[in-house]
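Peer 1: What follows is a protein structure lacking sequence information:
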């Protein structure tokens, strides 16, 4: 479930792991630690979102094809949604357990031979910490602390220990995140369907 924390509070969770003084305000503090967090917070958060299909960051769209047909290799091109961090595997009908279809994400387009409208599932960029899952916040704080450790403390051992902590928290969060909802059915396989016919 979502976490009611703001960006300053999430940053302070990371600083707590480093046993450092908290930020008063993410936006207005002027020290070198605050500047580090302003430079790194969102790139780290979006990178973590991209690594796993977190339930809080999933989105669906029905895309219309671009007017321009790809030069070669695919019959259709679809614009990648502007808030997309990662396109999830396409299926013929958009279902998670549907028959997977060929596609490539290139530049700002999805290339495929599947006709429009194209149902797409993707990981969207979330820009509001209050929408983050509570366990994602734990992973983000540990990852921020790990990345900031050497810069702030000068101790490489902090970075290594926090890296292990972040990896453990990520594995636990991914497992729990995957358990929210009914399990997917078996993936449709046209080879098996053809054999059964």
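Peer 2: Structure's in. What do you need? Because the structure is predicted, anything quoted here is derived from the model rather than measured.
Peer 1: for the chain, which spans come out with low pLDDT?
Peer 2: For the chain, the stretches with pLDDT under 70 are 1-3, 181-197.
Peer 1: the longest helix in it is where?
Peer 2: helix 156-178 (DSSP state H).
Peer 1: show me the contacts for residue 178.
Peer 2: Residues near residue 178 by C-beta atoms under 8 Å, 6 or more residues apart in numbering: none. Placement of C-beta: from N, CA and C, glycine included.
Peer 1: again, only this time at 10 Å
Peer 2: 52, 53, 55 (C-beta atoms under 10 Å, 6 or more residues apart in numbering).
Peer 1: What of residue 146?
Peer 2: 14, 17-18, 44, 158-167.
Peer 1: now residue 166
Peer 2: Going by C-beta under 10 Å, 6+ apart, residue 166 touches 17, 48, 138, 139, 140, 141, 142, 143, 144, 145, 146, 147.
Peer 1: What ranges does the protein have for its strands?
Peer 2: Secondary structure of the chain by DSSP state E: the strands cover 58-63, 76-79, 84-87, 103-106, 109-112, 118-124.
Peer 1: residues in contact with the residue nearest in space to the middle of the chain?
Peer 2: The centre of the chain sits closest to residue 49, judged by C-alpha atoms, centre = their mean, with a distance of 1.9 Å. By C-beta under 10 Å, 6+ apart, residue 49 lies in contact with 56, 57, 85, 86, 123, 124, 125, 126, 132, 136, 140.
Peer 1: which one of these sits closest to residue 64?
Peer 2: Distance to residue 64, by C-beta to C-beta, is smallest for residue 124 among the contacts of residue 49, at 18.3 Å.
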